[in-house]
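*Asks:* sequence and predicted structure below; questions after.
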Amino acid sequence: MSDGIKLDTRLYNFTTRCVRCAECTFGYKDAEFELFCPIYKKFNFFTYSLGGMAQLARALHEGRIDLTESVSEILYKCTSCGACAEVCAEVDFRDMMELQHELRARCVEAGQVPFTHMAVIESLKKDDNVMQKPKAERGKWAEGLGVKDITKEKAEVYYHAGCKYCFDEELWPAARSAVNLLRRAGIDLGIAGKDETCCGGHAFELGYQGEFIKYAENNMEMLKTAGIKTLVTSCADGYYAFKVLYDMLGKKGDLEVLHITEYLARLIKEGRLKPTKSVAMTATYHDPCHLGRKVEPWIRQEGKLKAGEIYQPPRDLLNSIPGLKFIEMRRIKENAWCCGAGGGVIDAYSDFALWTAGERIEEAKSIGAEAIVTACPWCKRNLNDAVKESNGGLKIYDIVELVEQAL
Amino acid sequence: MVNIIVCIKQVFDPEAPASAYKIDAEAKRVILKGIPPVLSPFDENALEAALRIKDAHDSKVTVLSVGRNLSKAVLMKSLAVGADELLLLEDGAFEEMDSYATAFTLASAIGKLGGYDLILTGREAADTNAGTVGSGIAEILGIPSITIVRKVELDDGKVIAERVVSDGYEVIETPLPSLITVSNELGELRYATVKELVASRNKPIMTWNAQELGVEPPQVRQARLLSLFIPQKENRCEIVGGETAEEMGANLALKLRAAQIL
C-alpha cells in the first residue's frame, strides 16, 4: 500500500477531461480490424484504455484507490504505443504520454513494478544493457567488419547499434548490413563496439527515469568527447530516445539524430546507393510506434505538426527495390497496430506481446502479403516469435537487409 | 540448523545520478523522480554472507525489514536469491525512525522471533551512512558484535570473522549467538534470475505492525535532522605553463609546494 499519487494541476485536469466516450479504443474503422488499442482489444474492459487509465490516475490522485499490485499491473500491460491519443478529441498526445510516464515513475518509486522489469534494470545497471547479457559481449555483432571505433579514432558519423541488435544474434545481420551500406555509400562511419552503452530509453519507458538520466548523460559525454555531430541508428527505440527523450531532458544539443531508413532513403535519392537487383516478393510494412506516433508529439509541441514521424522513408526504400511488390495493410502510419513489444510488455507479459503480434500477422496475411518488413529490432523479434508460434506462413524482414540484397 | 537473521533496509537507489536528486529544504526532504527503492547495498553484502553460510551449513535465513510503505516486490529479491522467509515490520509508527528507534524495533522483533544464532546487517545504510543500527541491536540484545567484516565462517558453534582495518584485517572469533556488520569487501549479492523472482512468490512473507510486534518504538528521537542541502562544489582548473615538459613539471611541483601539497 502506498501514500497514493499526487499529480500536478495540469495532469490532474487532463484526467478530468475524459468523458468516457471510448473513442480511444477505436481508430481505423474496418470490419475486421476496427480496434487499434491492443490492451483494450485483449482485455476488453474500459480500465484497459486511455480513458480507463485517466480514471485510474484521477482516483489515485483523489485518494480513492491505492497504488496496489493490481493497479500497477494494468498500467504496465499497456504497450505504450500511443494509438489512443491519435483519436482522442480531448487530449494532446504529449499530455497522454506525460501522464503515463508520471504514473510509471511513481510505480517505480513505490516499488510496484513487474519482477521482470526489476531484472531488466538490474542487468542494465550491471552490464549496461537491457538484454540481461554480459557487457563484454556487446561488440561481437561487429566482429570482422573493420569499422572505426569512435573511442579511438575520429569519424564523421556514429552508428549506434542498440542493445537489441548487439545481443540478439539473429538480428546481427541487419546491423552489419546497415554498416556495410553506409560505408559503401562513402560515409565516414564509426561505432563504439564494446564501449557502446544502452541509450536508456527502455528504462525511461519502464518508469526508471533516474537510470535514463544516467545513460543520457554518459552517452552525450562520450559523443562530445568523440566530436560526433551526427548519429544514425537502426533501433527505433534508440531513435526515439536520442531524438525525443534526450531533447526533453535538454541533453541532445545540436546532435543530428537519424534513423537508418531516413539515411538510406537520402543516400538512394542522392544516387550514392543504387538498388538494382530484384528481390521478388509481395511485402507489407509494419510501422514501429517509435518511428511514428511517439516521435510526433515532441515535434508537435514545437509547432511542427507531424513533421517528425518516419512514415515515408521506409516506404520509399521498399518502392526502390526492384521486383518487390509493396502493399499496405489497413492500419498504417498514425493508425498502425502496435507489434506488442513496446512499453516493457515483451519483458513482463510476453504472452500478451505475442498475441498482439499475432493480430498483426493475421492482418498482413489477409491482404496477401508474403512478408512483413519492419524497421525496429523489437518489432522484428516479437513478430518473428509470433510467426514461429503460429507455425510460420509469413516471413519477417528488417528493411535494411532487403536494401542490401537489392544492391 | 543455523538460524540466521539478516536485517535489510529499503533505500532509494544510491546509484541514481546526482542530477536526478532535488532537495526540498523547507520540508527537509529529498525529492526523487523515477528512482526505485532497492535493498541497501551493504545489506545485500550481509545477505550474501548469510547465503554463503547456507551453502556450507544446514541453515535457515530470515530477512527482516522495518519501515513504512515497504515494497514487497523489492524485498522479495532476498527470497529469490535464497533467503527462506521474509518478515516485514510495517506501520505508520515505523516511519523515519532514527538509528536508536530502528535498532530497538529490530531487536524487539528478533527477540520475539527467538532461537537465532547469527544476526547479519550491512556496515551502514546507503542513505544515512550512520552505521550504528547493527551495533545497537547487539547492545540491546546483549550479544557480542563484530563490525565491518569482509569474511564470515562458522566453526563448531563459533563465528570467525575477518574485520576490515585501515591497513589490512583482523581475525576475530566469538561464540554464537552474535551479530556481524558486513562490508562491501565480502562481495556482491548473487544474481536473481527472472525464474527465481517468480518462484519467490511462493515463499512465506510475514508482516507485523506495531501492535503485533507488541512494542511501540521510542517516541523521543535521539537524533534530529536540522537541515538538508546539496553541498556546493567548486572546481577550479589552472593550466601550468612552461616551454618544455621538464619546465612544466618543475612549475607544477612549485605550485604544489606552494599549496602545501608537496
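*Replies:* The structure has been received and is ready for your questions. Numbering: from 1, shown residues only, chains lettered A, B, ... in the order given.

*Asks:* avg pLDDT for the helix or strand harbouring A:Leu258?
*Replies:* Using DSSP states H and E, A:Leu258 sits within strand A:256-259. For strand A:256-259, mean pLDDT rounds to 96.

*Asks:* output that strand as PDB, restricted to C-alpha atoms.
*Replies:* The C-alpha atoms that make up strand A:256-259 are tabulated as PDB, following Å, rounded to 0.1, in the frame of the first residue of the first chain:
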ATOM      1  CA  GLU A 256      21.700  15.300 -35.600                       C
ATOM      2  CA  VAL A 257      19.800  12.100 -35.000                       C
ATOM      3  CA  LEU A 258      18.800  10.000 -38.000                       C
ATOM      4  CA  HIS A 259      17.100   6.600 -38.300                       C
END
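
*Asks:* next one: it to chain centre, how far?
*Replies:* How far strand A:256-259 lies from its chain's middle: 15 Å, per C-alpha atoms, centre = their mean, to the nearest Å.

*Asks:* what comes up buried for it?
*Replies:* A:257-259 (16 or more other C-beta atoms under 10 Å in any protein chain shown). Bear in mind the C-beta positions are built from the backbone N, C-alpha and C, glycine included.

*Asks:* distance to B:Lys60 added to those residues, as JSON lines?
*Replies:* Output for those, formatted as JSON lines (distance: C-beta to C-beta, whole Å):
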{"residue": "A:Val257", "distance to B:Lys60": "54"}
{"residue": "A:Leu258", "distance to B:Lys60": "58"}
{"residue": "A:His259", "distance to B:Lys60": "54"}
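
*Asks:* mind listing what the residue of the stretch 251-400 of chain A found nearest chain B touches?
*Replies:* Proximity to chain B, evaluated over the stretch 251-400 of chain A using C-beta to the nearest C-beta, is greatest for A:Asp347 at 8.7 Å. The neighbours of A:Asp347, taking C-beta atoms under 8 Å, 6 or more residues apart in numbering or on different chains as the test, are A:114, A:116-117, A:120.

*Asks:* how does it look with 7 Å?
*Replies:* Shown in contact with A:Asp347 (C-beta atoms under 7 Å, 6 or more residues apart in numbering or on different chains): A:116-117, A:120.

*Asks:* can you check A:Lys252 too?
*Replies:* A:242, A:246.

*Asks:* tell me the SS of it?
*Replies:* coil (DSSP: H, G, I helix; E, B strand; the rest coil).

*Asks:* if we can go back for a sec, could you list which of the contacts of A:Asp347 also contact chain B?
*Replies:* A:Thr116 (C-beta under 7 Å from any C-beta of the partner chain).

*Asks:* from the contacts of A:Asp347, pick the one nearest chain B.
*Replies:* Nearest to chain B among the contacts of A:Asp347 is A:Thr116, at 5.4 Å by C-beta to the nearest C-beta.

*Asks:* what about the strands in chain A?
*Replies:* Assigned by DSSP state E, chain A shows strands spanning A:148-149, A:157-160, A:189-191, A:230-233, A:256-259, A:281-285, A:324-326, A:371-374, A:395-398.

*Asks:* near chain A, which residues of chain B are found?
*Replies:* B:13, B:15-17, B:19-20, B:32-37, B:69, B:71, B:73-74, B:194, B:197-198.

*Asks:* what about the contacts of A:Asp347, which one has the most neighbours?
*Replies:* A:His117 (26 neighbours; other C-beta atoms under 10 Å in any protein chain shown).

*Asks:* for A:Trp355, see how far away the residue of the stretch 251-400 of chain A closest to chain B is.
*Replies:* According to C-beta to C-beta, to the nearest Å, A:Asp347 and A:Trp355 sit 15 Å apart.

*Asks:* need the residues of the stretch 101-250 of chain A near chain B, please.
*Replies:* Looking at chain B, the residues of the stretch 101-250 of chain A close enough under C-beta under 7 Å from any C-beta are A:105, A:108-113, A:115-116, A:118-119, A:125, A:207-210, A:213-214, A:217.

*Asks:* ranges for the helices of the stretch 1-150 of chain B?
*Replies:* Remark: helices assigned in the stretch 1-150 of chain B by DSSP state H, counting those that start in this stretch are B:41-56, B:72-75, B:77-81, B:99-113, B:133-141.

*Asks:* give me the nearest residue to the residue of the stretch 151-300 of chain A found nearest chain B, chain neighbours excluded.
*Replies:* Here the stretch 151-300 of chain A gets closest to chain B at one residue, A:Gln209, 2.6 Å apart by C-beta to the nearest C-beta. Leaving aside its chain neighbours, A:Gln209 sits nearest to B:Gly34 (2.6 Å; criterion: C-beta to C-beta, 6 or more residues apart in numbering or on different chains).

*Asks:* strand partners (parallel or antiparallel) of the strand holding A:Leu258?
*Replies:* Applying DSSP bridges, strand A:256-259 is found paired with strand A:230-233 (parallel).

*Asks:* if we can go back for a sec, touching, the residue nearest to A:Gln209 and A:Gly207? I think so.
*Replies:* Yes - using C-beta atoms under 7 Å, B:Gly34 makes contact with A:Gly207 at a distance of 5.7 Å.

*Asks:* joint contacts of the two?
*Replies:* Both B:Gly34 and A:Gly207 are in contact with A:105, A:108, where contact means C-beta under 7 Å, 6+ apart.

*Asks:* out of these two, which sits in the more crowded spot?
*Replies:* A:Gly207 (31 against 25).

*Asks:* from B:Leu118, how far off is the more buried one?
*Replies:* Using C-beta to C-beta, we find A:Gly207 at a distance of 37 Å from B:Leu118.

*Asks:* equivalent analysis for B:Arg150, please.
*Replies:* B:Arg150 sits 16 Å away from B:Leu118, taking C-beta to C-beta as the criterion.

*Asks:* compare these two (neighbour count), which wins?
*Replies:* B:Leu118 (23 against 18).

*Asks:* for the more buried one, name its beta-bridge partners.
*Replies:* Residues in a beta bridge with B:Leu118, per DSSP bridges, are B:Ile4, B:Ser178.

*Asks:* CA atoms of the lowest-mean-pLDDT helix or strand in chain B as CSV?
*Replies:* Least confident helix or strand, chain B: helix B:194-199 with a mean of 81, by mean pLDDT, DSSP states H and E. Output of helix B:194-199 as CSV, limited to C-alpha atoms (Å, rounded to 0.1, in the frame of the first residue of the first chain):
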residue,chain,number,x,y,z
VAL,B,194,13.5,-14.0,-13.5
LYS,B,195,12.6,-17.6,-12.8
GLU,B,196,13.8,-17.3,-9.2
LEU,B,197,12.0,-14.0,-8.8
VAL,B,198,8.7,-15.6,-9.9
ALA,B,199,9.3,-18.7,-7.7
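
*Asks:* can you list contacts of it?
*Replies:* With contacts defined as C-beta under 7 Å, 6+ apart, helix B:194-199 is touched by A:115-116, A:119, B:80.

*Asks:* for the residue in the stretch 51-200 of chain B that chain A sits nearest to, grab the count of nearby residues.
*Replies:* Chain A sits closest to B:Ser71 of the stretch 51-200 of chain B, with a gap of 2.3 Å, by C-beta to the nearest C-beta. Using other C-beta under 10 Å, the number of residues around B:Ser71 comes to 23.

*Asks:* next: B:Ile119.
*Replies:* Per other C-beta under 10 Å, the neighbour tally for B:Ile119 reads 28.

*Asks:* fine by me, we can end here.
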